[in-house]
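In: coords please:
(one chain, ligands or ions: 1)
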Amino acid sequence: MRTIRWMLMAVLAACTDGGDGSTAGFDETKTGDHGLYAFHLTSADVPQQGSNTFTLELTASGSPVDGATVTVDALMPAHGHGSGTPITVSAAGNGRYTVGNVSFTMAGAWDLTCSASRAASQDSATFHLDVP
Ligand SMILES: [Cu+2]
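Out: So this is what the prediction gives:
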């Protein structure tokens, strides 16, 4: 009985990586700097060099935020450069925005800053990624 309990704990511990139980890709939630929106950024694949696609889910007090103007910027802080090509953002409904053409041109630490504005509300959150 004790062995089974330890095994269960090990399985649960393995599942906590990534936030919601999915360990494959990227999955992080951050509260915006102004505390208005929650930014939930996911990717089915582990971020890698080359072009990447993410899904950004935007919520305010748990409710999806549609109709926001969303921009995403990539920056490699150690070198002060971006990704060189424009990142595309398209609304996918239910508070979701598809973030495409996120081009990581080098391995290393990158910042992805997601900004959202709607009417007079503006908020942004920066995600830190390690690109292998
Ligand atoms: Cu660089």
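In: thought residue 96 was touching residue 57?
Out: Yes. If you go by Cβ atoms under 8 Å, residue 96 and residue 57 touch, sitting 5.2 Å apart. (Each C-beta comes from the backbone N, C-alpha and C, glycine too.)
In: Touching both of the two, which residues are there?
Out: residue 64 (Cβ atoms under 8 Å, 6 or more residues apart in numbering).
In: who touches the nearest residue to residue 56 once chain neighbours are set aside in this structure?
Out: Closest residue to residue 56 in three dimensions, ignoring its sequence neighbours and counting by Cβ to Cβ, 6 or more residues apart in numbering: residue 97, at 4.6 Å. By Cβ under 8 Å, 6+ apart, the contact list for residue 97 reads 55-58, 68, 70, 89-91.
In: and if we set it to 10 Å?
Out: 39, 41, 54-58, 65-66, 68, 70, 72, 89-91, 114, 116 (Cβ atoms under 10 Å, 6 or more residues apart in numbering).
In: Give me the distance between it and the ion.
Out: According to Cβ to the ion, to the nearest Å, residue 97 and the ion sit 26 Å apart.
In: what about burial for the contacts of residue 97, which qualify?
Out: 39, 41, 54-58, 65, 68, 70, 72, 89, 114, 116 (16 or more other Cβ atoms under 10 Å).
In: element containing the residue in the chain that the ion sits nearest to?
Out: In the chain, no residue comes nearer to the ion than residue 79, which is 3.5 Å away by Cβ to the ion. Using DSSP states H and E, residue 79 sits within no helix or strand.
In: Which residue lies closest in space to it, excluding its sequence neighbours?
Out: Residue 79 sits nearest to residue 106 (Cβ to Cβ, 6+ apart), 7.5 Å away.
In: hang on, the one you found in a strand?
Out: No. Counting by DSSP: H, G, I helix; E, B strand; the rest coil, one finds residue 106 to be coil, located in no strand.
In: That one and residue 112, how far apart?
Out: Residue 106 sits 14 Å away from residue 112 when distances are taken as Cβ to Cβ, to the nearest Å.
In: more crowded one of the two?
Out: Neighbours were counted for residue 106 and for residue 112 using other Cβ atoms under 10 Å; residue 112 has more, 26 against 13.
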